[in-house]
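Chemist: quick one, fold the following:
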Amino acid sequence: MLPKSLENFIELFSKVPGIGLRQAHRIAFWFLKKNSLAYSQALKDLAEKVRVCQKCFFVFDPSTNSGKDIFSTCPICRDEKRDRLILAIVEKETDLITLEKTKRFNGLYFVLGGLFSPTIRNGHEIRLKELLERIKNDKNLKEIILALSHTAEGDLTVMELEKIFNQFKSLKLTRLGLGLPRGAEVEFADEDTLGNALSSRR
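Modeler: Residues are numbered from 1 along each chain as shown. I've put the predicted structure just below:
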């Protein structure tokens, strides 16, 4: 009934988190009413010009880098002014952006890519292997901040990570403290609240 290209678009967008089949239909027809070429160019640029950092898994534009490793590491990981003694583990990229906006954290990051859940206790969908390699190879590291949301899945992930990190006796483990209420997600916390949570981590 629908053109094949439109069906392909709907099928792809229906897999985007938070977008179901019905919403994908609406998005597709909305694009058809707009200048779809501009959006297609934006998606093309996204695929061609954005890279994922091999150290922290945040995104960056390699054209803004200079020197060696310009295609593998982001500006944050390459910044010599950052405090390399502290690593903040966040669930997703938007959490990292929110923490940066507070201007209260000057350490490094690691984007976990998800959280443990009662149905995914072994963490297949998160970057556990990469995280362990990062910690083992980083001899300067002194503190890990578990900058995860105070939700059921966030709490479960903290518990699982604490068990895993028991092997690193010299590392100090902390978590976002007072200021971030129970059930709150890092991404949606305001800058003052998140800044206070960073300062009162324990």
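Chemist: now do the helices in the chain.
Modeler: 4-13, 21-33, 36-49, 75-78, 93-102, 128-137, 152-164, 191-199 (DSSP state H).
Chemist: list the buried residues in the fifth one.
Modeler: Going back to what we said before, that points to helix 93-102. Within helix 93-102, the residues that count as buried by 16 or more other Cβ atoms under 10 Å are 93, 95-96, 98-99, 102. No exception for glycine: its C-beta is placed from N, CA and C like everyone else's.
Chemist: starting at the chain centroid, how far to that helix?
Modeler: 9 Å (Cα atoms, centre = their mean, to the nearest Å).
Chemist: can you name every helix or strand that that helix contacts?
Modeler: On a contact count with 3 or more Cβ pairs under 8 Å, 6 or more residues apart in numbering; DSSP states H and E, helix 93-102 meets strand 86-90, strand 108-111, helix 191-199.
Chemist: now the nearest residue in space to Arg134 that is not next to it in sequence: how far from Glu80?
Modeler: With Cβ to Cβ, 6 or more residues apart in numbering as the criterion, Arg134 has its nearest non-adjacent residue at 6.0 Å, and that residue is Phe110. According to Cβ to Cβ, to the nearest Å, Phe110 stands 18 Å off from Glu80.
Chemist: now do the same contact list for Leu171.
Modeler: 135, 141-144, 165 (Cβ atoms under 8 Å, 6 or more residues apart in numbering).
Chemist: farthest-apart pair in those residues, please.
Modeler: Among the contacts of Leu171, the pair separated by the greatest distance (Cβ to Cβ) is Lys142 and Phe165, at 13.1 Å.
Chemist: how is the protein divided into domains?
Modeler: 4-49, 82-199 (automatic domain parsing).
Chemist: the first one: end-to-end distance?
Modeler: In domain 4-49, first residue to last residue: 28 Å (Cα to Cα, to the nearest Å).
Chemist: quick one: mean pLDDT over that domain.
Modeler: Averaged over domain 4-49, pLDDT sits at 88.
Chemist: also the last one?
Modeler: Mean pLDDT, taken over the full extent of domain 82-199, equals 85.
Chemist: sorry, back to before: of Phe110 and Glu80, which one has the most company?
Modeler: Comparing Phe110 with Glu80 by neighbour count (other Cβ atoms under 10 Å), the higher total belongs to Phe110, at 24 against 5.
Chemist: Pro62 is in contact with Cys74, correct?
Modeler: No - with contact defined as Cβ atoms under 8 Å, Cys74 and Pro62 do not form a contacting pair (9.1 Å).
Chemist: what about these two, which has more around it?
Modeler: The neighbour count for Cys74 versus Pro62, taken as other Cβ under 10 Å, is higher for Cys74 (22 against 15).
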